[in-house]
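Novice: here is my input; please provide its structure:
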Amino acid sequence: MIGADGVMVGIVTSEAALAMAEEQELDLVKISPNAVPPVCKILDYGKFRFDQLKKEKEAKKNQRVVEIKEIRMSPGIDTNDLNTKMRNACKFLTDGNRVKVTVRFRGREMAHTDIGEQLLIRFAEGCTEVSNLDKKPKLEGRNMSIFLSPKTAK
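Specialist: A predicted model of the protein is given here:
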């Protein structure tokens, strides 16, 4: 049966389909071979592959890999150093990257993890105009970290 757009619709034996393809000097291509019955199309395979590769290249060109940048600090960081790290984080966020902010605790600093938590919250508040806080401060071993993601442009 032939559809409105000139496309063969219906179940045809593979021998008959192959004969029709050879008659038109085209190729018989399996579109979905795992279907029952398998779905095939009669077309120029070289042109089909060319168009497919062209679409893949275009999709690859348009995609952007989001990197995760990491900023490390200690709980005893000074104000100017913190501001510098905040400026760098804001720059990373405006470029479209995610930022992981980590506070490392050493020795006796582990007894005062609340200082590190306050530091991370203050850091997140300093970057609120360009970022959203993904995860609350979380202690993993000797490190406490948060994730900041860039705000979506409207």
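Novice: which strands or helices does the longest helix along the chain pack on?
Specialist: Within the chain, and with DSSP state H defining each element, the longest helix by residue count is helix 45-62. Counting contacts by 3 or more CB pairs under 8 Å, 6 or more residues apart in numbering; DSSP states H and E, the secondary-structure elements packed against helix 45-62 are strand 27-32. All C-beta spots, glycine's among them, are computed from the backbone N, C-alpha and C.
Novice: contacts for the very next helix or strand once past the strand it packs on next, please.
Specialist: Once strand 27-32 ends, the next helix or strand along the chain (criterion: DSSP states H and E) is strand 39-43. Contacting residues not belonging to strand 39-43 are listed as 8, 14, 17, 20-21, 24, 26-32 [CB atoms under 8 Å, 6 or more residues apart in numbering].
Novice: where's the dip in pLDDT among those?
Specialist: When the contacts of strand 39-43 are compared on pLDDT, Met8 comes out least confident, at 60.
Novice: which stretches of this protein form helices?
Specialist: Here the chain has its helices, by DSSP H, at 14-23, 45-62, 79-94, 113-126.
Novice: now do the longest helix of the chain, average pLDDT.
Specialist: In this model, helix 45-62 carries a mean pLDDT of 88.
Novice: pLDDT weak spots in the protein?
Specialist: 1-9, 153-154 (pLDDT under 70).
Novice: what's the longest strand in it?
Specialist: Of all the elements of type strand in the chain, the one with the most residues (DSSP state E) is strand 131-140.
Novice: what's that strand packed up against?
Specialist: Using 3+ CB pairs under 8 Å, 6+ apart as the contact criterion, the secondary-structure elements in contact with strand 131-140 are helix 79-94, helix 113-126, strand 143-150.
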